[in-house]
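Colleague: Sequence below, structure please.
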Amino acid sequence: MTAESTRLHVRGRGLPDGQPVEWWIVDGVLSADPVPGAETVFGADGAQGWILPGLVDAHCHVGLGPGGAVDADETIAQAETERDTGALLLRDCGSPVDTRSLDDRADLPRIIRAGRHLAKPKRYIPGLPIDIEDESQLPDAVAAQARFGDGWVKLVGDWIDRSVGDLAPLWSDEVLVAAIGAAHAEGARVTAHVFGEDALPGLIKAGIDCIEHGTGVTDDIIELMVEHNTALVPTLINIENFPGIADAAGKYPTYAAHMRDLHAKCDQRVGAAREAGVRIYAGTDAGGMIAHGRIADEVDALKRIGMSPTDALGAASWAAREWLGRPGLVAGESADLVCYSTDPRSGAAVLNSPDLVILRGRAF
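Modeller: Coordinates of the predicted model:
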């Protein structure tokens, strides 16, 4: 932590247009008008760096580690790691850990919570979800999580069904219509974990707002996503774990082969979704098999599926903020921004190491 002044000044170039920008910060709030006595903490002497809204990890589990829930100190350390790499807004896509106490910490990223995962017994990672014994209970459970969270609910859409030895949907199409409708009635959006193909049509036709992972998006499913305006957070750096998951699934050869096939087709399928106009946002799935602080790697992975460097960065910054209903760089809003002396579109090595992070007007 470097600057304690309540009056700061930054200047450089903004994105996506690359035009000069200049901001003053007073008591944590952005101002487009000059502020007397402000300390120039970036862009001194007219140096031309880059200034962006704080980065967004749209699928990030603060409070989780490879073995499940972590203690309070580790939870805070995870949030600090995200902050130091510039990720100042996190959408926590399901967690058994109540992280609302972190909202009292002005030095930690803002978190948008989806409450607890909702799944059927033995159809997801043990200890993470609320298990729904009878699917008729799902709409009420969704409504409860909508009231608990910050405008999102997380369903487990598919997972291995050991009775068939492969990925399979968890919910009937009819209950999905009722459950997603219940969330929308509470003013919340719904997203779902989905690896395979079969669960996707029912979720999308039921009005789901987003799909996580989405390695099963075939051409027909992509058409449905465009028709229903369904967003996609592909968590590409987590999909890299699929071969290892398959190797560990010796008892279920059909499932293992399916996971390998999903991995092999992922880039082509997600690229086709992008070309068709599906909205894609950057999320790492940090907190389980993925370490925290890797949003820059996900941005690079989005370039791999055909996104331009500017659009890939936008999917983890200004575009993601608009989608999540959170402000970018706007006068009168909180000063949450990241600054780079080198163009952050050039690659993860630059994006992962901002020269300056300003969160709620405080410089780090």
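
Colleague: lowest-pLDDT helix or strand in this protein?
Modeller: strand 68-69 (a mean of 90; mean pLDDT, DSSP states H and E).

Colleague: Can you tell me which helices and strands the helix or strand just after it packs against?
Modeller: Later in the chain than strand 68-69, the nearest helix or strand by DSSP states H and E is helix 72-84. Here helix 72-84 touches strand 87-92, strand 356-359, going by 3 or more Cβ pairs under 8 Å, 6 or more residues apart in numbering; DSSP states H and E. Every C-beta, even on glycine, is put in place using the N, C-alpha and C of the backbone.

Colleague: among those, which is the most enclosed?
Modeller: strand 87-92 (a mean of 28; mean count of other Cβ atoms under 10 Å).

Colleague: so how far is Ala183 from Ile208?
Modeller: Taking Cβ to Cβ, to the nearest Å as the measure, Ile208 falls 9 Å from Ala183.

Colleague: For Lys205, give its distance to Ala146.
Modeller: Distance check for Lys205 against Ala146: by Cβ to Cβ, it reads 20 Å.

Colleague: Who has more neighbours out of these two?
Modeller: Neighbours per residue, other Cβ atoms under 10 Å: of Lys205 and Ala146, the larger number sits with Ala146, 23 against 16.

Colleague: can you give me the strands in the stretch 51-200 of the chain?
Modeller: For the stretch 51-200 of the chain, applying DSSP state E, counting those that start in this stretch gives strands covering 55-57, 64-65, 68-69, 87-92, 110-113, 118-119, 130-131, 152-156, 158-161, 166-169, 189-194.

Colleague: residues contacting the residue nearest to Arg123 when sequence neighbours are not counted?
Modeller: Nearest-residue entry for Arg123: Trp159, 4.7 Å, with adjacent residues in sequence omitted and distances by Cβ to Cβ, 6 or more residues apart in numbering. Going by Cβ atoms under 8 Å, 6 or more residues apart in numbering, Trp159 touches 119, 123-124, 167-168, 170, 193, 195.

Colleague: Let me know the closest of these to Val26.
Modeller: Proximity of the contacts of Trp159 to Val26 (Cβ to Cβ) peaks at His193, which lies at 42.1 Å.

Colleague: mind checking how far that closest one is from Gly127?
Modeller: According to Cβ to Cβ, His193 and Gly127 sit 15 Å apart.

Colleague: same check, this time on Gly293
Modeller: From Gly293 over to Gly127 (counting by Cβ to Cβ), the distance is 24 Å.

Colleague: quick one: which of the two has more around it?
Modeller: Neighbours were counted for Gly293 and for Gly127 using other Cβ under 10 Å; Gly293 has more, 21 against 10.

Colleague: ok but that one is inside a strand, no?
Modeller: No: read with DSSP: H, G, I helix; E, B strand; the rest coil, Gly293 is coil and lies in no strand.

Colleague: Restricting to C-alpha, output stretch 347-362 in PDB.
Modeller: C-alpha atoms of stretch 347-362 as PDB (Å, rounded to 0.1, in the frame of the first residue of the first chain):
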ATOM      1  CA  GLY A 347      -0.300 -10.400 -22.800                       C
ATOM      2  CA  ALA A 348      -0.700 -12.000 -19.400                       C
ATOM      3  CA  ALA A 349       2.700 -11.000 -18.200                       C
ATOM      4  CA  VAL A 350       1.700  -7.300 -18.400                       C
ATOM      5  CA  LEU A 351      -1.900  -7.700 -17.400                       C
ATOM      6  CA  ASN A 352      -1.000  -9.800 -14.400                       C
ATOM      7  CA  SER A 353       1.300  -7.000 -13.000                       C
ATOM      8  CA  PRO A 354      -0.500  -3.600 -12.900                       C
ATOM      9  CA  ASP A 355       1.700  -0.700 -12.100                       C
ATOM     10  CA  LEU A 356      -1.000   0.700  -9.800                       C
ATOM     11  CA  VAL A 357      -4.200  -0.700  -8.400                       C
ATOM     12  CA  ILE A 358      -6.700   1.800  -7.000                       C
ATOM     13  CA  LEU A 359      -9.600   0.400  -5.000                       C
ATOM     14  CA  ARG A 360     -12.300   2.600  -3.500                       C
ATOM     15  CA  GLY A 361      -9.900   5.500  -4.000                       C
ATOM     16  CA  ARG A 362      -7.000   3.900  -2.200                       C
END
